[in-house]
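**Student:** model this:
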Amino acid sequence: MRKYKQVALVVKDVQKTMKHYWEILGIGPWDVRHFTPKTVKDFHYMGNKVTEEFEFICAVCWEGDIEIELIQPIKGPNVYWKFLEENGEGLHHIKEIVEDEKIPEVLQKFRDNGFEVTQTGWIDNDVHYYLNTKNTLGFDYEVGNGGKIGPPDRRYPDL
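**Tutor:** Numbers count the residues shown, from 1 in each chain. As a prediction, the model looks like this:
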C-alpha cells in the first residue's frame, strides 16, 4: 500500500495564488516558508551539489489527508525554474512517503526503469527526491520521508 501525501504546483506568484485559492475556493490557511542554503541542507540539482545562492517559497495547507503545496522559485538552480520555463504554472509533482530505510530501494527501482533523481535535499528532518517522470506520468514524482520540519515563517491569511 502506497502512502501519497502531497500534490504540488509550481506558480509564478505564491502570494497571488494563495489569495485566489483562499478567497475563491476556501482552500487554506497556508503555512509559508522561504527556503535558502540556511534551511535546505545537502541540496543537489541534476546530480550536482548546489553551492551558489538559491531561494524558493513553499506554501502548504492540508485538505483532508492531502497536503497541497504551492512553490515559487526566486533564484538559483532548481527544478522549479525549469518547470516554469517549459510548462508555465501547473502540476509539478505528487509525493509518496517512504520510510527512511526503504528510500534507497525505492529510488533504485525508479533508476532501473530509467527515472533519475533531478533534485534532492534535507529540510530539518524531511528529505525529498524528485524523479524525472514527467514524460511518462505527465508530472514529476517525489519520494520523501515526510519528516518533521520547523514552524512556518508566516501564515496566510493571518487569522
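
**Student:** hang on, residue 17 in a helix?
**Tutor:** Yes - with DSSP: H, G, I helix; E, B strand; the rest coil as the criterion, residue 17 is assigned to a helix.

**Student:** for the remainder of this discussion, apply numbering that starts at 44.
**Tutor:** Fine by me, first position is 44 from now on; the one you just mentioned is residue 60.

**Student:** can you check the pLDDT for the nearest residue to it once chain neighbours are set aside?
**Tutor:** With CB to CB, 6 or more residues apart in numbering as the measure, residue 54 is the residue that lies nearest to residue 60, at 4.5 Å, once sequence neighbours are left out. Bear in mind the C-beta positions are built from the backbone N, C-alpha and C, glycine included. Looking at residue 54, its pLDDT reads 98.

**Student:** got the contact list for residue 54?
**Tutor:** When contacts are counted by CB atoms under 8 Å, 6 or more residues apart in numbering, residue 54 touches 60, 113-115, 132.

**Student:** can you report how many residues lie near residue 153?
**Tutor:** Counted with other CB atoms under 10 Å, residues neighbouring residue 153 total 17.

**Student:** please enumerate the helices of this protein.
**Tutor:** All helices of the chain, identified by DSSP state H, fall at 57-63, 122-130, 146-155, 177-180.

**Student:** can you give me the neighbour number for residue 90?
**Tutor:** Around residue 90 there are 10 other residues, counting by other CB under 10 Å.

**Student:** and what of the one 3 residues further on?
**Tutor:** Per other CB under 10 Å, the neighbour tally for residue 93 reads 18.
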